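1. Structural data only, the sequence is not supplied:
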């Protein structure tokens, strides 16, 4: 049996070895190893799946369907793993676009451990075998590759996450698809069939005062009372409240020498930030405008395009059908694959007005429509700096569609119904291509090939000259393609996606 003096020596020697080991493996900067990060509540973490969209694409110029499932629309389901505990959603059968998935998972997590491990997978169910869909990207030794397992680390100190999806405070340099949004085309496979899809989600935790800012962040960073709801507070009077600055100003960085994660904020709710002029993603929406449009999913570090689209109603003699839903989906897919997320206001964002019927709408009529139904007779309306404007009328005195200002355009129902009835022209594609073409003018697209009328038909002499310019801005491809060109086809091609001028629509109101 060891005497008391020997026991003390053994305990002392043991401590010498154990303490350095514990200290070296700590991932919490300058804080105790064991603590309750929120003493006011028993922490639960929730993951909501908000939206799922297949990136199926039909291109008559190839021609081929690029589909997740060759024989039907996808049969999607989601798997979520939280600290290795697995949860599986229902199957959404034969559905490409799921806007109300109604799938949410809540798990009680240890209050004394900052980080929660999360993994998200999207599956397509098939007889005999299921396929993982590509919803992200990862960098390996040989470059960017498909990513089927989205791995995240969630912090209960800041209510934020990082990993394969994160807040990109550097403006589209790290996570170009945006925070809470996954995109299988991030690896550049826009035109390949590798089961690309996009998935929107949110992660959050319960919070005593319900303002979404957790206990640790209130006490250690903001200096606010964690028992009082601070939602809407703007102490620095910069137009953006504390909850927005907390979410979008926060990021984490790892100190390799210290073996520690650190929390940082680039926006301070006490010191003034010039949000009215800050635009880190260069999409012509300032941080202030990104805050105003946050309710519709805008992201200050990923490009967003907002379009208000109004439609003329018919009368007793003329029927005007609504703009096709599938044409809208084609537009969402085309823009969103490029991480230029397209938001169409056809009534869901305060716009989407119904215009009284007119037989032959003139240029002056169009300006009056713009003044009355978009600006609502207010030249300082805030939406003018956020939304492009489009209107579908019955018929014009001129062409089937055109821009009539730097931020506005029209398309005609009568003209495009005629186009859709022509041989080999698919109605949804006609409408989507027409809108994307006219919207392109608000991006300052005025290419030679796109406005060379001789390039319209294959038997016209300029068709062959401008054939490499595979864009709906080129009359040779208009109505048969819903896309801009990427400039990869050599001479007489244009890289539309790279040369979009997001500020052009604000230049000449």
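-> Nice, thanks for sending it over. These numbers come from a predicted model, not from an experiment. Numbers count the residues shown, from 1 in each chain.
2. From now on I want contacts and neighbour counts done on CA atoms only, so please keep to that.
-> Will do.
3. where along this structure do the helices fall?
-> 4-24, 215-217, 242-249, 287-292, 325-337, 363-369, 413-421, 427-442, 462-465, 496-499 (DSSP state H).
4. Between the two ends of stretch 170-186, how far is it?
-> Terminal residues of stretch 170-186 are spaced 17 Å apart (Cα to Cα, to the nearest Å).
5. same question, stretch 412-427
-> Start-to-end, stretch 412-427 (Cα to Cα) is 13 Å.
6. contacts for that stretch?
-> 320, 392-396, 400-401, 430-431, 479-480 (Cα atoms under 8 Å, 6 or more residues apart in numbering).
7. Can you tell me which of the residues you listed is closest to residue 362?
-> Using Cα to Cα, residue 396 comes nearest to residue 362 of the contacts of stretch 412-427, at 6.1 Å.
8. beta partners for that closest one?
-> residue 361 (DSSP bridges).
9. what does the model give residue 144 for pLDDT?
-> Listed pLDDT for residue 144 reads 55.
10. before we move on, back to that, quick one, which of the helices of the chain is packed in tightest?
-> helix 427-442 (a mean of 24; mean count of other Cα atoms under 10 Å).
11. and residue 408, how many residues sit next to it?
-> Burial of residue 408 is recorded as 26 neighbouring residues (other Cα atoms under 10 Å).
12. Report the beta-bridge partners for it.
-> Applying DSSP bridges, one finds that residue 408 bridges with residue 389, residue 405.
13. OK, contacts around it?
-> Residue 408 touches 388-390, 439, 442, 505, counting by Cα under 8 Å, 6+ apart.
14. Check residue 80 too.
-> With Cα under 8 Å, 6+ apart, residue 80 has these contacts: 86-88, 118-121.
15. of all the helices of the chain, which lies closest to residue 166?
-> Closest to residue 166 of the helices of the chain is helix 242-249 (Cα to Cα; 10.2 Å).
16. who touches the closest one?
-> Helix 242-249 is contacted from outside by 160, 167, 169, 211-213, 230-234, 265-269, 291, 300, using Cα under 8 Å, 6+ apart.
17. ok, now stretch 337-356?
-> Against stretch 337-356 from outside (Cα under 8 Å, 6+ apart): 55, 176-177, 183-186, 190, 296, 302-314, 328, 331-332, 335-336, 369, 373-374.
18. Following the record's annotation, map out the domains of this protein.
-> Per the record, the chain has its domains at 44-205, 302-506, by automatic domain parsing.
19. With distance to residue 224 added, can I get those in JSON lines?
-> Formatted as JSON lines, these follow (distance: least, Cα to Cα, whole Å):
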{"stretch": "domain 44-205", "distance to residue 224": "14"}
{"stretch": "domain 302-506", "distance to residue 224": "30"}
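20. Nearest to residue 259, out of those domains?
-> Closest to residue 259 of the domains of the chain, according to Cα to Cα: domain 44-205, at 14.9 Å.
21. Can you tell me which of the domains of the chain has the worst average pLDDT?
-> When I compare the domains of the chain, domain 44-205 is least confident, with a mean of 87.
22. what about that one, how long is it end to end?
-> Terminal residues of domain 44-205 are spaced 6 Å apart (Cα to Cα).
23. ok, back up a step: give me the buried subset of the contacts of stretch 337-356.
-> Among these, those classed as buried by 16 or more other Cα atoms under 10 Å are 55, 176-177, 183-186, 190, 302-314, 328, 331-332, 335-336, 369, 373-374.
24. Restricted to strands, list the residues you listed.
-> 183, 303-312 (DSSP state E).
25. Distance of residue 82 relative to residue 88?
-> With Cα to Cα as the criterion, residue 82 and residue 88 are 12 Å apart.
26. who's more crowded, the two?
-> residue 82 (23 against 13).
27. Give me the residue at the spatial middle of the chain.
-> residue 341 (4.7 Å; Cα atoms, centre = their mean).
28. Residue 283 is in contact with residue 505, isn't it?
-> No - the criterion here is Cα atoms under 8 Å, and residue 283 misses it with residue 505 at 11.1 Å.
29. okay, those two: which has more neighbours?
-> The residue with more neighbours, out of residue 283 and residue 505, is residue 505; 24 against 19, by other Cα under 10 Å.
30. May I ask you to confirm that that one is in contact with residue 403?
-> No - assessed by Cα under 8 Å, residue 505 is found out of contact with residue 403, at 11.0 Å.
31. which neighbours do the two share?
-> Taking Cα under 8 Å, 6+ apart as the contact rule, the neighbours common to residue 505 and residue 403 are residue 442.
32. Name the residues of stretch 498-507 that are buried.
-> In stretch 498-507, counting by 16+ other Cα under 10 Å, buried: 500-506.
33. how long is it from one end to the other?
-> End-to-end distance of stretch 498-507 (Cα to Cα): 19 Å.
34. which outside residues touch that stretch?
-> With Cα under 8 Å, 6+ apart, stretch 498-507 has contacts from 282-284, 385, 388, 406-408, 442-445, 486.
35. go with 6 Å
-> 283-284, 406-407, 442-444 (Cα atoms under 6 Å, 6 or more residues apart in numbering).
36. go on, stretch 367-382?
-> For stretch 367-382, using Cα under 6 Å, 6+ apart, there are no contacting residues.
37. end-to-end on that stretch?
-> The first residue of stretch 367-382 is 18 Å away from its last residue (Cα to Cα).
38. Work out the gap between it and the centre of the chain.
-> Distance of stretch 367-382 from its chain centroid, counting by Cα atoms, centre = their mean, to the nearest Å, is 28 Å.
39. swap in stretch 159-178?
-> 12 Å.
40. can you check stretch 498-508 too?
-> Centroid displacement of stretch 498-508 relative to its chain, using Cα atoms, centre = their mean, is 20 Å.
41. Equivalent analysis for stretch 250-262, please.
-> That offset, for stretch 250-262, works out to 27 Å (Cα atoms, centre = their mean).
42. Please identify the buried residues of it?
-> Along stretch 250-262, these residues count as buried under the neighbour rule (16+ other Cα under 10 Å): 250-252, 260.
43. Give the buried residues for stretch 110-120.
-> Quick answer for stretch 110-120 (16+ other Cα under 10 Å): 111, 113-116, 118-120.
44. tell me, how many neighbours does residue 131 end up with?
-> 15.
45. picking that back up, what subset of the contacts of helix 242-249 is buried?
-> Buried by 16+ other Cα under 10 Å: 160, 167, 169, 211-213, 230, 234, 265, 267-269, 291, 300, out of the contacts of helix 242-249.
46. Just flag the most distant two among those residues.
-> Farthest pair in the buried ones among the contacts of helix 242-249 (Cα to Cα) is 169 and 230. Separation: 23.5 Å.
47. Count the residues that sit near the closest residue to residue 312 other than its chain neighbours.
-> Using Cα to Cα, 6 or more residues apart in numbering and skipping residues adjacent in sequence, the residue nearest residue 312 is residue 355, 4.2 Å away. If you count neighbours by other Cα under 10 Å, residue 355 ends up with 17.
48. what does the one 4 residues further on give?
-> Other residues lying near residue 359 total 13 when counted by other Cα under 10 Å.
49. Likewise for residue 360?
-> By other Cα under 10 Å, the residues close to residue 360 number 13.
50. hang on, isn't it packed against residue 396?
-> Yes - using Cα atoms under 6 Å, residue 360 is in contact with residue 396, at 4.8 Å.
51. Can you flag which of the buried residues of stretch 250-262 belong to strands?
-> Per DSSP E, those map to strands at 250-252, 260.
52. Turn these into a markdown table, columns for pLDDT and distance to residue 470.
-> Formatted as a markdown table, those follow (pLDDT from 0 to 100; distance: Cα to Cα, whole Å):
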| residue | pLDDT | distance to residue 470 |
| --- | --- | --- |
| 250 | 95 | 41 |
| 251 | 93 | 40 |
| 252 | 91 | 42 |
| 260 | 89 | 50 |
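53. Sounds good, over and out.
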